[in-house]
Every structure is written in C-alpha cells, then in structure tokens.
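Q: next comes the sequence, and after it the predicted model I'd like to discuss.
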Amino acid sequence: MFGFGDIFGGGRRRGGPQRGSDLRYDLEISFEESARGVDTTIQIPRLETCGTCNGSGAAPGTRPARCPQCQGRGQLRYQQGFFVVSRTCGPVRRVRDT
C-alpha cells in the first residue's frame, strides 16, 4: 500500500537464495577483446556433497545434533508488541554444575 511494503516488512518474502545465485562468475576482458569477440574458457567452482558425511557435518557413525535454542534455523526471534527483532544464533553456552 502506497509503496511502503518494504519499509514495514510487507511485500514478497524470499525463502532463501535464488536459483543459480551461486553460479556467478566475474570475467574481466579488455575493450579490444570484446570488440573482436574473443573466446575464453572459464572454470566455475561448485559445491559438492561430502562423501563421508553426506553434507550433514557429523562424524561417521554419529548423527547431527539440532541446536536447542534456534532448532536449526540459525536465527533467534524476539517479539514485543508488533516489533520483531531477529539475531543470528550464537554458540550454545553450557553452565557447569559446581
């Protein structure tokens, strides 16, 4: 409404990175090369799933543990009235019994 959707959190929300966003490659060529239509070969780095843990990050013979604070979402959200604050979930601090 009135173009203020992005300011107040309205509008379309994205659920993650756009498809193909990890396939960007910046190539610098001279003006002369672009005018002549030079051909070049590039290698695009890509992520591959680890054969040992299948991308879970867990050691062989174990299962990954879910963070008790954020439940694996990576963010903690706090709400007071209509204000919502999000912050990145940090490492879990454990209190030792003495």
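A: The structure has been received and is ready for your questions. Treat the numbers as computed from the prediction; the structure is a model and nothing was measured. Numbers count the residues shown, from 1 in each chain.

Q: so which helix or strand takes in residue 32?
A: helix 31-36 (DSSP states H and E).

Q: show me what whatever helix or strand comes next after that helix is packed up against.
A: Next in sequence after helix 31-36, counting helices and strands by DSSP H and E, comes strand 75-80. Counting contacts by 3 or more CB pairs under 8 Å, 6 or more residues apart in numbering; DSSP states H and E, strand 75-80 packs against strand 83-88. Just so you know, the C-beta spots here come from the backbone N, C-alpha and C atoms, and that holds for glycine as well.

Q: ok, residues contacting the strand it packs on?
A: Residues outside strand 83-88 that contact it (CB atoms under 8 Å, 6 or more residues apart in numbering): 9, 74, 75, 76, 77, 78, 79.

Q: that one vs strand 75-80, what angle?
A: Here strand 83-88 runs at an angle of 160 degrees relative to strand 75-80 (axes from the mean of the first three to the mean of the last three CA atoms, to 10 degrees).

Q: one step back: who wins for most neighbours among the contacts of strand 83-88?
A: residue 76 (15 neighbours; other CB atoms under 10 Å).

Q: give the burial count for the closest residue to residue 79 other than its chain neighbours, as a bare number.
A: In this structure, residue 79 finds its nearest non-sequential neighbour in residue 85, 7.7 Å apart by CB to CB, 6 or more residues apart in numbering. When counting by other CB under 10 Å, one arrives at 9 neighbours for residue 85.

Q: quick check: beta-bridge partners of residue 85?
A: Beta bridges link residue 85 to residue 78 when assigned by DSSP bridges.

Q: roughly how far apart are it and residue 71?
A: Note on residue 85: its distance to residue 71, by CB to CB, to the nearest Å, is 18 Å.

Q: please apply the same query to residue 28.
A: 44 Å.

Q: those two: which is more packed in?
A: residue 71 (10 against 5).
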